[in-house]
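Trainee: The following comprises the amino acid sequence and a computationally predicted model.
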Amino acid sequence: MIIRKSIQLVKNCDKCQKHANIHQAAPYQLSIISAERPFGTWRIDLVGPFPTAPDQLRYLIVAIDYYTKWIEAKPLASITTTQCQKFLWRQIITRFGIPEVVISDNGTQFTDRKFREFLEGLHVSHRFSSVEHPQINGQVESAKKIIVKGLKKWLDKAKGLWADELGSVLWSYRTTPQTTTGETPFRLTYGVEAVIPVEIRDASPRRTVVGNDEEAE
């Protein structure tokens, strides 16, 4: 019932149709980038500039885990090496542990000596993507498109509020099953499905049934 209503809602939503994904076949042979464990390999990149939001926020730093497809993102007023280092430490390492590999482009923020020494001190392998290997860029490019299109759907003409709506876009992505895994990033990360607003309004069995055995059934 919920799925049917959701499908009908999307069909009747003008913004959903306007900003829907348009499939474009890649002109090169795709290859799989293996990730042996969750949060072991992250791809990090920068997006912007966006319309200036409160606190002079104009840019976005985005990271995606290759295993769970979990996306972390944070608005920034400026894109410096220090900001990238803080993001990696606060949003990724202190929450998910020290990764084995961090992949980035050759931007000056990532090639800076301080950023390189920061990763070396944690024994993290830093790899660079390039135009010669576009398949490496695919994950984070997809993540950026998801965020940008999601913001367009949420904001319509109120573009200066994009930083305030970022959390809603990330929540929507994290609780949506991915075609590559068949699971939501939230479930792959935490081992359970997220409790979504509809389960609060229309109490779901896992919120009303008491007892582990009955709840599991």
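Mentor: The structure has been received and is ready for your questions. Values in this document were obtained by computation on a predicted structure and should not be read as measured data. Numbers count the residues shown, from 1 in each chain.

Trainee: Please make it C-alpha for all contacts and neighbour counts, starting now.
Mentor: Noted.

Trainee: How about the residue most central in space within the chain: what's its closest non-neighbour residue?
Mentor: By Cα atoms, centre = their mean, the chain has its centre lying nearest to residue 71, at 2.2 Å. Once flanking residues are discounted, residue 71 sits nearest to residue 64: 4.5 Å by Cα to Cα, 6 or more residues apart in numbering.

Trainee: need the next SSE after the host helix or strand of that neighbour, C-terminal direction.
Mentor: Residue 64 belongs to strand 59-65 when assigned by DSSP states H and E. For strand 59-65, the following helix or strand on the C-terminal side (DSSP H and E) is strand 71-76.

Trainee: what's the neighbour count on residue 100?
Mentor: 18 (other Cα atoms under 10 Å).

Trainee: From residue 81, how far out is residue 65?
Mentor: Applying Cα to Cα, to the nearest Å, the value for residue 65 to residue 81 is 21 Å.

Trainee: In terms of neighbours, single out the busier of the two.
Mentor: More crowded of residue 65 and residue 81, by other Cα under 10 Å: residue 65, with 24 against 19.

Trainee: now the strands for the chain?
Mentor: 41-47, 59-65, 71-76, 101-104, 125-128 (DSSP state E).

Trainee: Please identify the pairing partners of the third one and their relative orientation?
Mentor: Right, the one you point to is strand 71-76. If you go by DSSP bridges, strand 71-76 pairs up with strand 59-65 (antiparallel).
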